[in-house]
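**Student:** need coordinates for the following:
(one chain, ligands or ions: 1)
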Amino acid sequence: AADHANIATPEQHAALAGLDRAHLIHPVAPWRRHEERGPTVLSSGHGVWLQDAQGRELLDAFAGLWCVNVGYGQESVVQAAVEQMRRLPYATGYFHFASEPAIRLAAKLVEITPASLTRAYLTLGGSESVDAAVRFIVQYYNNTGRPAKKHFIALERGYHGSSSTGAGLTALPVFHRGFDLPLATQHHIPSPNPYRHESGSDAAALIAASVASLRAKVAQLGAENVAAFFCEPVQGSGGVIVPPRGWLKAMADAARELDILFVVDEVITGFGRTGTMFACDAEGVQPDLMTLAKGLTSGYVPMGATMMSERVYAGIADGAPAGQPIGHGATYSAHPVSAAVALEVIRLYEEGGILANAQRVAARFAAGLAALRSHPLVGDVRCVGLLGALELVSDKASKRGFDPALGLADRLFALGYQHGLVFRSFGDHVLGFAPALTITEAELDVLFVRLCRVLDDALAAPDVRAAM
Ligand code: PMP
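**Tutor:** Numbers count the residues shown, from 1 in each chain. Take a look at the predicted model:
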């Protein structure tokens, strides 16, 4: 039902948009173009439904930024935050202070993540989790007598946040351009993309090729100089690239053999997104470190985590001068309100039936996407759990994309808005979908009806047709 209290008059909306254009810098946006276009102001949400400031109802097929896994408007999550704010809104984790929710959350995370991970450092989000992982790894090798191990390897098209080091592990051009990245110690190997990789869609060949490129890169740098391999189990911002089953395990095994740390970035895939609590669970992978965020608090408040093994923890702890602090931390590390929210969100996944729902409706999600494979615009369909994508091509045989001058992504996004559907585009030709894990089959049907309309309208445009 429309929440009329949130609907602005045209005058109010214009005034707010004016303030936005004049003052608010938007993350990952073309700044000047945004000033011309103005903001899309979202004002309320319930379940998978969003309402904008002008009262338009939208089905959010992207769970915010693939983070609102429990859906909008979960009252018990709001209550957890309110109660913690009343009792104790802030407690530092510095020195030897702690709060009960932070302690319980660390224990809970150790319980539910792979058995190799025994310690949790609580951050403010994914970028900080990655940044902390890098700093801890540097400290680990310095403290354990292998200070030459300073090179990091990650995947082309990977995304690991936008901190000054994380953005260099990221391998998407806009995060490097103008920022003097990647660093000389950051290296990338090809993305395991079954649709685009030269080994084709043969799973065994693709896995072997990935392992071979990791080995080759380590050999080139010298194993004694390589610290770690970072990867996402499914590459999210790079275009929802789903490697074949067995890929993650093969890379973990290779990293172990090569004597480099294996770091899994589960910021997107964690907390049920791919059907298991963590993507590592599906293949029995035991990483050395794991980065988390997003679904940890479902976006209700900011929080992330850097999980590590006892070996890494002990290497850092025991190699530091006795009694000296390990100099890493932030005012809001282990924030008690975020921790209280995270505990309630995890309870909803486990006891509130949300993970079970995600598993139940995944087949309908996969079928809806698969049905679009025959659409003239669709070259590839990718899906695991409630994470999916369509790759659009102008020619299915050659897999050729569209000329960026067509501005297809912006146009599809605008069509989505017109038809009441929010999704995400990656580059000019990949559309991503990651609805709340609470989505029902009936809501998935609405999603796909609207998505079909978007694709059909795009195809009806003369310049798009002419490009095909
Ligand atoms: N790692 C991955 C895999 C991500 O997808 C993201 C965010 N999209 C990050 C790290 C960074 O997280 P944040 O935006 O919370 O800083």
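
**Student:** now do the contacts for the residue in the chain that the ligand sits nearest to.
**Tutor:** Here the residue of the chain nearest the ligand is residue 126; by C-beta to the nearest ligand atom that distance is 2.1 Å. Glycine gets a C-beta too; all of them are placed from N, C-alpha and C. Taking C-beta atoms under 8 Å, 6 or more residues apart in numbering, we find residue 126 in contact with 160, 161, 265, 267, 291, 292, 293, 294, 304.

**Student:** what residues does this protein have near the ligand?
**Tutor:** Residues of the chain found near the ligand (C-beta under 6 Å from any ligand atom) are 125-127, 130, 159-161, 232, 236-237, 265, 267-268, 293.

**Student:** of the contacts of residue 126, which belong to strands?
**Tutor:** Among the contacts of residue 126, the members found in strands (DSSP state E) are 265, 291, 292, 304.

**Student:** how about the residues you listed in JSON lines, adding neighbour count?
**Tutor:** Converted to JSON lines, these look like this (neighbours: other C-beta atoms under 10 Å):
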{"residue": "265", "neighbour count": "32"}
{"residue": "291", "neighbour count": "30"}
{"residue": "292", "neighbour count": "29"}
{"residue": "304", "neighbour count": "27"}
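
**Student:** what is the nearest of those residues to residue 358?
**Tutor:** The closest of these to residue 358 turns out to be residue 292 (C-beta to C-beta; 17.0 Å).

**Student:** list the buried residues in the helix or strand where residue 81 lies.
**Tutor:** Using DSSP states H and E, residue 81 falls within helix 75-87. Buried positions in helix 75-87, judged by neighbour count with 16 or more other C-beta atoms under 10 Å: 77, 80, 81, 84.

**Student:** now do stretch 389-404
**Tutor:** Neighbour-count burial for stretch 389-404, counted by 16+ other C-beta under 10 Å, picks out 389, 390, 391, 392, 393, 394, 401, 402.

**Student:** now the terminal residues of that stretch, how far apart.
**Tutor:** This stretch, stretch 389-404, spans 19 Å end to end (C-alpha to C-alpha, to the nearest Å).

**Student:** what's the answer for stretch 139-148, then?
**Tutor:** For stretch 139-148, the first and last residues are 12 Å from each other (C-alpha to C-alpha).

**Student:** so what touches it?
**Tutor:** Stretch 139-148 is contacted by residues 149-150, 224-225, 227, 261, 312, 315-316, 318-320, 326, 328 when judged by C-beta under 8 Å, 6+ apart.

**Student:** buried subset of these, written for ChimeraX?
**Tutor:** A single ChimeraX command is used to select the members of those judged buried by 16+ other C-beta under 10 Å:
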select :149,150,227,261,312,315,316
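
**Student:** so among the contacts of stretch 139-148, where is pLDDT lowest?
**Tutor:** Lowest in pLDDT among the contacts of stretch 139-148 is residue 320, which has 90.

**Student:** from residue 329, how far off is that residue?
**Tutor:** 14 Å (C-beta to C-beta, to the nearest Å).

**Student:** for residue 335, which non-adjacent residue is spatially closest?
**Tutor:** Setting aside the residues directly before and after it, residue 335 is nearest to residue 303 in space (C-beta to C-beta, 6 or more residues apart in numbering), at 6.7 Å.

**Student:** please disregard the earlier target; I meant residue 209.
**Tutor:** Nearest residue to residue 209 in three dimensions, chain neighbours excluded: residue 199, at 4.7 Å (C-beta to C-beta, 6+ apart).

**Student:** residues contacting the one you found?
**Tutor:** So residue 199 contacts 205, 206, 208, 209 (C-beta under 8 Å, 6+ apart).

**Student:** which of these has the most neighbours?
**Tutor:** In terms of neighbours by other C-beta atoms under 10 Å, the contacts of residue 199 top out with residue 206 at 23 neighbours.

**Student:** all the helices of the stretch 101-250 of the chain, residue numbers only.
**Tutor:** Using DSSP state H, counting those that start in this stretch, the helices of the stretch 101-250 of the chain run over 126-143, 166-169, 173-176, 203-221, 247-257.

**Student:** now the fourth one, how far from the centre of its chain.
**Tutor:** This points to helix 203-221. 24 Å (C-alpha atoms, centre = their mean, to the nearest Å).

**Student:** thinking again about what came up before, who wins for proximity to residue 350 among the helices of the stretch 101-250 of the chain?
**Tutor:** Closest to residue 350 of those, according to C-beta to C-beta: helix 126-143, at 21.7 Å.

**Student:** check what pLDDT residue 198 gets.
**Tutor:** Looking at residue 198, its pLDDT reads 81.

**Student:** in contact with the spatially closest residue to it that is not a sequence neighbour, which residues?
**Tutor:** Residue nearest to residue 198 in three dimensions, not counting chain neighbours: residue 209, with 7.6 Å by C-beta to C-beta, 6+ apart. Shown in contact with residue 209 (C-beta under 8 Å, 6+ apart): 190, 192, 197, 198, 199.

**Student:** and stretch 213-229, what's buried?
**Tutor:** Neighbour-count burial for stretch 213-229 flags 213, 214, 217, 218, 221, 226, 227, 228, 229 (criterion: 16+ other C-beta under 10 Å).

**Student:** what of stretch 182-193?
**Tutor:** Neighbour-count burial for stretch 182-193, counted by 16+ other C-beta under 10 Å, picks out 182, 185, 186, 187, 188, 189, 190, 191, 192, 193.

**Student:** likewise for stretch 31-51?
**Tutor:** Going by neighbour count (16+ other C-beta under 10 Å), the buried part of stretch 31-51 is 39, 42, 44, 45, 47, 48, 49, 50, 51.

**Student:** average model confidence for it?
**Tutor:** For stretch 31-51, the per-residue pLDDT averages 95.

**Student:** same question for stretch 362-378.
**Tutor:** Across stretch 362-378, the average pLDDT comes to 98.

**Student:** what's the distance between that stretch and the middle of its chain?
**Tutor:** On the basis of C-alpha atoms, centre = their mean, stretch 362-378 is displaced by 22 Å from the centre of the chain it belongs to.

**Student:** how about stretch 209-229?
**Tutor:** Relative to the chain's own centre, stretch 209-229 is displaced by 25 Å; criterion: C-alpha atoms, centre = their mean.

**Student:** low-confidence ranges in the stretch 251-400 of the chain?
**Tutor:** For the stretch 251-400 of the chain, no stretch has pLDDT under 70.

**Student:** now the strands for it?
**Tutor:** Using DSSP state E, counting those that start in this stretch, the strands of the stretch 251-400 of the chain run over residues 261-265, 289-292, 304-309, 378-384, 387-392.
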